[in-house]
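Colleague: Below is the sequence, then the predicted model.
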Amino acid sequence: MRTVTEEELGRLFAALSPDPRVVASGNGATPRHVLGVLDAQVPAYRLFMLNAHPGVPARPGVVHETPFVGPGMRRSPTLSYLPARLSLVPTMFAVATPPDVVCVTVAPAVDGMLSLGTEVNVLPAAIEACRARGGLVVAQVNSKMPWTYGDAVLDPTAVDVCLEVEAALDEPSTAEPDDAARRIGELVAARVGDGATLQLGIGMVPDATLPGLAQRRGLAVWSEMFSDGVLDLDRAGALDPDALLTASFVYGSAVLYSWLHRNPRVQMLRTETTNAPALIAANRSMTSINTALQVDLFGQANASRIDTRIHSGFGGQTDFIVGALHSAGGQAMMALRSWHPKADVSTVVPLLDEPVTSFQHTAVVTEQGVAEIFGHDERSQAAQLIENAAHPRVREELWEEAVALGLAART
């Protein structure tokens with residue numbers, strides 16, 4: 001690895017073959033400065049990122065590729081959505097989407113080794129695939145990036161050139177949970193026992209679940225990602241002090257990033273490990289908590305599309321639901337509001353008209369209550385969803401639809 005100036009990096013990018021595929025760190029670890037140099041020198045290219053944040057290059061000539069759409073690409077006119085479970089995305093680099101360039105953000109070297117910090121995810125696989133075909137690996141070395149362990153550790157020999165740029169990492173906006181979110185959080189937390197292993201995402205509902213878990217003891221974390229809520233659980237003494245906290249990326253506040261820096265209790269692993277259903281299932285009482293845009297009376301969830309437009313993607317939801325259901329004492333919960341406040345519609349619908357993201361969860365939880373799914377026949381599932389999860393405003397209509405779908409007897 002050699003350190004280059006912005007001008008030298010620009011010349012390297014200008015010499016690339018036409019229309020290269022560029023894989024870059026997503027989530028809160030975007031190497032914005034490196035991408036800016038790239039964008040100024042390469043007329044047309046494909047930008048492959050997971051959960052891209054606002055501010056990524058977007059102009060004619062730039063095709064946005066992703067298996068998980070973030071706010072930076074959600075309304076892109078050039079979006080190329082690649083449906084895939086997150087655990088299988090690394091395979092795509094060797095089979096269907098070989099990278100010509102990989103751009104990552106890294107922490108400065110410690111004991112001679114760099115670190116991918118908060119964003120491991122699919123990047124090790126991308127770097128390996130890129131090097132195997134003689135591509136260019138570029139690192140933006142940022143002293144603000146925490147140095148983390150596990151698969152985050154990166155040998156400098158895997159990097160061709162680096163550009164030293166200090167920049168603040170992205171942090172999520174926070175909002176105080178409302179009454180509905182708090183009620184959902186209470187109901188979800190009540191189902192989690194001491195010693196469980198958690199997969200928690202980011203958002204108002206997961207955040208609202210955490211206060212109810214503060215009194216638990218011996219909790220472990222095996223998750224695609226985690227945020228500040230894990231730090232809160234640690235402070236409350238809810239986490240098993242002897243268990244490693246496992247994730248593939250971390251996204252949160254500067255306080256969380258400071259706690260993460262050189263913390264040996266946290267292991268950052270590549271996606272094909274964290275999201276492998278068999279490895280997820282090996283955890284004790286694996287508890288997967290996900291959310292959706294809609295759930296129908298067959299127990300199917302749509303967490304990916306709105307009005308036929310892709311909103312996000314499969315992500316790790318399918319991986320963790322399957323893994324949790326195969327874990328001894330595990331459960332997979334789908335937590336969502338019964339009513340969508342912006343669209344002013346029920347989130348429990350008779351039958352999805354969007355592609356299914358996942359199905360057959362242990363239970364569906366809304367602020368109305370808990371609908372038990374696993375182990376119930378389809379008529380019982382529908383009844384549980386209508387009476388315990390749906391908003392009272394639509395229950396009569398849902399019963400009528402249930403009869404039409406053969407999920408309830410005619411009266």
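Modeller: Sure thing, it's come through. Numbers count the residues shown, from 1 in each chain.
Colleague: CA only for contacts and neighbour counts going forward, please
Modeller: Will do.
Colleague: helices and strands around the helix or strand containing residue 12, which ones?
Modeller: Per DSSP states H and E: residue 12 is located in helix 6-14. Packing contacts for helix 6-14, counted by 3 or more C-alpha pairs under 8 Å, 6 or more residues apart in numbering; DSSP states H and E, involve helix 32-41, strand 161-164.
Colleague: With mean neighbour count added, can I get the ones you listed in a markdown table?
Modeller: Supplementary listing: the helices and strands packed on helix 6-14 in a markdown table, determined by neighbours: other C-alpha atoms under 10 Å:
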| stretch | mean neighbour count |
| --- | --- |
| helix 32-41 | 18 |
| strand 161-164 | 21 |
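Colleague: Among these, single out whichever gets nearest to residue 124.
Modeller: Proximity of these to residue 124 was assessed by C-alpha to C-alpha; the nearest stretch is strand 161-164, lying at 16.4 Å.
Colleague: Now the element after the closest one, going C-ward?
Modeller: Following strand 161-164 in sequence order, the next helix or strand is helix 179-189 (DSSP H and E).
Colleague: Can you name the residues in contact with that next one?
Modeller: Defining contact as C-alpha atoms under 8 Å, 6 or more residues apart in numbering, one finds that helix 179-189 is touched by 204-210, 212-213, 333, 335-337, 365-367, 369-370.
Colleague: Which among those count as buried?
Modeller: 204-210, 212-213, 333, 335-337, 365-367, 369-370 (16 or more other C-alpha atoms under 10 Å).
Colleague: Quick one: mark the members of those residues that sit in strands.
Modeller: Within the buried ones among the contacts of helix 179-189, residues falling in strands by DSSP state E are 333, 335, 365-366, 369-370.
Colleague: Just give me the closest of those residues to residue 341.
Modeller: Taking C-alpha to C-alpha as the measure, residue 341 lies nearest residue 366 of these, at 13.4 Å.
Colleague: domain assignment for this protein?
Modeller: When the chain is parsed with automatic domain parsing, its domains come out as 2-164, 179-404.
Colleague: how close does residue 344 sit to residue 292?
Modeller: Separation of residue 344 from residue 292 (C-alpha to C-alpha, to the nearest Å): 16 Å.
Colleague: Which one of those two is surrounded by more residues?
Modeller: residue 292 (19 against 8; other C-alpha atoms under 10 Å).
Colleague: Surely that one is in a helix?
Modeller: No: using DSSP: H, G, I helix; E, B strand; the rest coil, the assignment for residue 292 is coil, not a helix.
Colleague: Now it: closest residue in space that isn't a chain neighbour?
Modeller: Nearest non-adjacent residue to residue 292, counting by C-alpha to C-alpha, 6 or more residues apart in numbering: residue 303, 4.2 Å away.
Colleague: Relative to residue 315, how far out is the one you found?
Modeller: 9 Å.
Colleague: can you tell me which helix or strand the closest residue to residue 348 other than its chain neighbours belongs to?
Modeller: In this structure, residue 348 finds its nearest non-sequential neighbour in residue 295, 5.0 Å apart by C-alpha to C-alpha, 6+ apart. Residue 295 belongs to strand 294-296 when elements are defined using DSSP H and E.
Colleague: what's downstream of that strand, the next helix or strand?
Modeller: In the C-terminal direction, the helix or strand that comes right after strand 294-296 (DSSP H and E) is strand 300-302.
Colleague: Residue 350 is in contact with residue 398, correct?
Modeller: Yes: between residue 398 and residue 350 there is a contact under C-alpha atoms under 8 Å: 6.2 Å.
Colleague: which intervals of the stretch 301-411 of the chain have sub-threshold pLDDT?
Modeller: Scanning the stretch 301-411 of the chain for pLDDT under 70 picks out 411.
Colleague: All the strands of it, residue numbers only.
Modeller: Using DSSP state E, counting those that start in this stretch, the strands found in the stretch 301-411 of the chain span residues 305-306, 309-310, 331-335, 339-340, 345-346, 348-349, 358-359, 363-366, 369-372.
Colleague: could you dump the ones you listed to a markdown table with distance to residue 268?
Modeller: Output for the strands of the stretch 301-411 of the chain, formatted as a markdown table (distance: least, C-alpha to C-alpha, whole Å):
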| stretch | distance to residue 268 |
| --- | --- |
| strand 305-306 | 29 |
| strand 309-310 | 29 |
| strand 331-335 | 23 |
| strand 339-340 | 35 |
| strand 345-346 | 38 |
| strand 348-349 | 36 |
| strand 358-359 | 26 |
| strand 363-366 | 29 |
| strand 369-372 | 33 |
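Colleague: So for residue 226, which of those sits nearest?
Modeller: With C-alpha to C-alpha as the measure, strand 331-335 is the member of the strands of the stretch 301-411 of the chain nearest residue 226 (16.9 Å).
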